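1. test case, fold it:
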Amino acid sequence: MAADWHEQLVSTRAALMRMARARLRNEDWAADAVGAVMLAALEQPPPFDEPGRVRAWLFGMLRHKLVDVLRDQAPQRLHHYGLSPDDPEAGVPLELLADPAHGPEHRVAGRRFLEDLAAALEQLPALHHRAFLLREVLGEDTEPSTELLGITPNHLSVCLHRARARLRQLLEAYAA
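-> So this is what the prediction gives:
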């Protein structure tokens with residue numbers, strides 16, 4: 001049983017890494033997530049040994065771990081995409097920063113918008129907030145987003161529609 005168990009883990013690791021890389025788009029975070037899943041599986045093996053169930057169990061653990069990683073790494077990913085409210089040049093296209101005709105007022109406006117957006121995002125329901133970040137900020141596709149959130153594609157569309165509508169209302173109120 002132990003040899004079979006380790007063999008199942010080893011044979012599933014590559015598929016787990018592919019999924020983690022696709023979802024996180026960061027090699028280090030993917031390796032950490034898969035390592036945590038493997039460690040948890042070694043510490044507490046499942047009570048069943050059918051290969052299909054073991055594989056599904058491991059992928060289920062990885063999906064939960066990916067949500068944790070995305071939640072923990074969101075500030076770093078926002079900064080990576082140039083959306084950090086702490087960055088004075090965030091939200092300003094690079095061509096505008098290089099153009100001397102566009103001065104510091106553009107940088108301030110970009111930073112102010114990001115601060116308003118961050119405040120508005122905090123007012124959204126948790127599911128709408130996560131859906132908006134996954135799809136609009138982090139650029140995840142529909143399938144990975146629905147898997148990470150545990151919802152259907154239709155539910156994701158409704159969440160995004162409601163999030164955008166509420167953000168539009170909040171940002172208009174901030175601008176007034």
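
2. what distance do you get for the residue nearest the centre of the chain to Ala165?
-> By CA atoms, centre = their mean, the chain has its centre lying nearest to Leu70, at 4.1 Å. Distance, Leu70 to Ala165, using CB to CB, to the nearest Å: 24 Å. Just so you know, the C-beta spots here come from the backbone N, C-alpha and C atoms, and that holds for glycine as well.

3. still on that earlier bit, on the three-state scheme, the residue nearest to the centre of the chain is what?
-> helix (DSSP: H, G, I helix; E, B strand; the rest coil).

4. which residues does it contact?
-> Arg23, Leu24, Arg77, Leu134, Leu138, Leu148 (CB atoms under 8 Å, 6 or more residues apart in numbering).

5. how about low-confidence regions in the chain?
-> For the chain, the stretches with pLDDT under 70 are 1-3, 71, 73-111, 176.

6. quick one: the helices in it, in order.
-> In the chain, the helices defined using DSSP state H lie at 2-24, 27-43, 51-80, 94-98, 104-122, 126-132, 142-149, 153-175.

7. how much space between Ala41 and Leu171?
-> Taken as CB to CB, the span from Ala41 to Leu171 is 44 Å.

8. with neighbour numbers in mind, choose between the two.
-> Applying other CB atoms under 10 Å to Ala41 and Leu171 shows that Ala41 carries more neighbours, namely 19 against 15.

9. can you pull the contacts of the more buried one?
-> Counting by CB under 8 Å, 6+ apart, Ala41 makes contact with Leu9, Leu58, Met61.

10. tell me the one among those residues nearest to Asp28.
-> Met61 (19.2 Å; CB to CB).

11. hmm, that closest one is touching Leu42, no?
-> No - between Met61 and Leu42 there is no contact under CB atoms under 8 Å: 11.9 Å.

12. between the two, point out the one with more neighbours.
-> Met61 (19 against 11).

13. for the closest residue to that one other than its chain neighbours, give its distance to Phe59.
-> Closest residue to Met61 apart from its sequence neighbours, by CB to CB, 6 or more residues apart in numbering: Val37 at 4.9 Å. Per CB to CB, Val37 is found 9 Å from Phe59.

14. any shared contact partners between the two?
-> Taking CB under 8 Å, 6+ apart as the criterion, Val37 and Phe59 both touch Leu16.

15. sounds good, over and out.
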